[in-house]
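*Asks:* I'd like to go over a predicted model; first the sequence, then the structure.
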Protein chains: 2
Amino acid sequence: MAKNTYLELPGKTVERLSQYRRILYNSINEGKTNIYSHELAKMMNLTPVQVRRDLMLIGYSGSQSKGYVIKDLVALIGKIIDSDEGQDIILVGMGNLGRAITSYFTGKRDKLSIAAVFDNDLQKTDRIIAGIPCHHISHIKEFVAKENIQIAVLTVSPEATYEVAKMLLDAGIKGILNYTSVPLTVPEGIHLEEYDIVTSLEKLAYLVK
Amino acid sequence: MAKNTYLELPGKTVERLSQYRRILYNSINEGKTNIYSHELAKMMNLTPVQVRRDLMLIGYSGSQSKGYVIKDLVALIGKIIDSDEGQDIILVGMGNLGRAITSYFTGKRDKLSIAAVFDNDLQKTDRIIAGIPCHHISHIKEFVAKENIQIAVLTVSPEATYEVAKMLLDAGIKGILNYTSVPLTVPEGIHLEEYDIVTSLEKLAYLVK
DNA sequence: TTTATATTGTGAATTGAATATCAACACTCA
DNA sequence: TGAGTGTTGATATTCAATTCACAATATAAA
């Protein structure tokens, strides 16, 4: 049963919940109604114990004979990770990567969508790119305030990273997903996720050695 | 002192080493020759203790008065994460994201480069895209064998993910960087890194709630 | 009914990573 | 010289995440 009190879940569990949900949608489409921990684990490349632990943490119970009811589980995950009214995101930096992420993401989730993108190139601003309105970065603060934006995706050049990050924090952004190669510092209370392609590849290169 | 024996480093440390090196290149360009743990920590958004512990793990020693010698440190990191002869990568799936990653990555690292990209669209194959030769996916196995490729970046559509991953494993790939939204399962001994944009954003959305 | 089998749920143990603490050392300045 | 400062390197501690081990339960089969 979902409590009204705020659930303090491990970060890793939250990530997996997002993925459980996506996989479970597929299962629903294939006509499945119930699923066992070992089935879900197999699909996610995890152990069954870990799946059960995650579901225990969100307070969902299955049955020993039928496993978990997919529909209910999906609904509960939604209750935990979606916000009721939905949540809008902005993306800053409409280069190759920004454009790719924008078109990739658009329409993927109904409670989470890119409301606008920003760039400093006047050639790109004040028009629709990849289906989303593109504004000049000088309008970030005003837009964030008006639309109550809390999350920003950062895909600008390394040189511009600090300055744009500062603008975003100044505008009141609460979470930044940083895809640039520049490590960021954020104040207490602001959430930051960093994913750098070069780092990932160098890590893999080390591991396969 | 770098040993010849294989160093078993924590994954997180390897990631940070990659980033230390990139930041240290900048410092060298600015004319710095030495650096203290607290300086490096500040630039990386870490604690000095963590920096020192990482360097301790790779067996690098600084001096109490001058800190670390940047040039030597960079060289040692290279010794640990680069392979001597360099390492070639392939990328499969030349959609928006594949193209973005290819142009983003090309030229970034000299010991690590994208040797070829693959797609199943005949419109894209047998020509140069983003500066890299693009072949049809039916040639993956042959190419991997001939060029001794160990790492692949996966940016295909969700529907194609399983099939292409199977091809890559079959071809003898040792590490996969999976940017699709489909979680993969790989056999023992194969390294997998997964980064899904939707998951990252949903995690952020949860955190800012 | 009884036994066997397969599943969930969870306390306890283990592993892994980050942080705190501090001795040892090098330099500066009185 | 000797006190004071700032640094590294290393051990100990804390914290987070995963895995182990198994009790409890439901179903099917004998």
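*Replies:* All right, it came through fine.
*Asks:* find the nearest non-adjacent residue to the residue in chain A positioned nearest to DNA strand C, please.
*Replies:* Closest residue of chain A to DNA strand C, Cβ to the nearest atom of the strand: A:Ser61 (3.0 Å). Just so you know, the C-beta spots here come from the backbone N, C-alpha and C atoms, and that holds for glycine as well. Counting by Cβ to Cβ, 6 or more residues apart in numbering or on different chains, A:Ser61 lies nearest to A:Leu55, which is 7.9 Å off, once chain neighbours are set aside.
*Asks:* pLDDT value on the residue lying farthest from the centre of chain A, please?
*Replies:* Computed with Cα atoms, centre = their mean, the residue of chain A farthest from its C-alpha average is A:Ser65, at 33.9 Å. Model confidence at A:Ser65, expressed as pLDDT, equals 94.
*Asks:* how about the secondary structure of it?
*Replies:* coil (DSSP: H, G, I helix; E, B strand; the rest coil).
*Asks:* also the one 3 residues further on?
*Replies:* For A:Tyr68, the secondary-structure state derived from three-state DSSP is strand.
*Asks:* right, and it touches A:Glu39 too?
*Replies:* No. Using Cβ atoms under 8 Å, A:Tyr68 is not in contact with A:Glu39, being 9.4 Å away.
*Asks:* which of those two has more neighbours?
*Replies:* Neighbours per residue, other Cβ atoms under 10 Å in any protein chain shown: of A:Tyr68 and A:Glu39, the larger number sits with A:Tyr68, 25 against 17.
*Asks:* burial count for the spatially closest residue to that one that is not a sequence neighbour?
*Replies:* Excluding the flanking residues, the one nearest A:Tyr68 by Cβ to Cβ, 6+ apart is A:Gly62, at 4.0 Å. If you count neighbours by other Cβ under 10 Å, A:Gly62 ends up with 17.
*Asks:* could you do A:Gly67 as well?
*Replies:* The number of residues packed near A:Gly67 is 17, by other Cβ under 10 Å.
*Asks:* which residues does it bridge with?
*Replies:* A:Ser63 (DSSP bridges).
*Asks:* from B:Asn29, how far off is it?
*Replies:* From A:Gly67 across to B:Asn29, the span is 58 Å (Cβ to Cβ, to the nearest Å).
*Asks:* same check on A:Asp126?
*Replies:* Counting by Cβ to Cβ, the gap from A:Asp126 to B:Asn29 is 37 Å.
*Asks:* again with A:Ile151
*Replies:* From A:Ile151 to B:Asn29 the distance is 33 Å (Cβ to Cβ).
*Asks:* of those two, who's got more company?
*Replies:* Neighbours were counted for A:Ile151 and for B:Asn29 using other Cβ under 10 Å; A:Ile151 has more, 24 against 8.
*Asks:* export only the CA atoms of the lengthiest helix in chain A, formatted as CSV.
*Replies:* Looking across chain A with DSSP state H, the single longest helix is helix A:11-29. The C-alpha trace of helix A:11-29 is given here as CSV (Å, rounded to 0.1, in the frame of the first residue of the first chain):
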residue,chain,number,x,y,z
GLY,A,11,18.8,5.9,-5.8
LYS,A,12,19.5,2.6,-7.5
THR,A,13,16.1,1.3,-6.6
VAL,A,14,14.5,4.3,-8.2
GLU,A,15,16.4,3.7,-11.4
ARG,A,16,15.3,0.1,-11.5
LEU,A,17,11.7,1.0,-10.8
SER,A,18,11.7,3.1,-14.0
GLN,A,19,13.1,0.2,-15.9
TYR,A,20,10.7,-2.3,-14.3
ARG,A,21,7.8,-0.2,-15.5
ARG,A,22,9.0,0.0,-19.1
ILE,A,23,9.6,-3.7,-19.3
LEU,A,24,6.2,-4.5,-17.6
TYR,A,25,4.5,-2.4,-20.3
ASN,A,26,5.9,-4.8,-22.9
SER,A,27,4.7,-7.7,-20.9
ILE,A,28,1.2,-6.3,-20.7
ASN,A,29,1.2,-5.8,-24.5
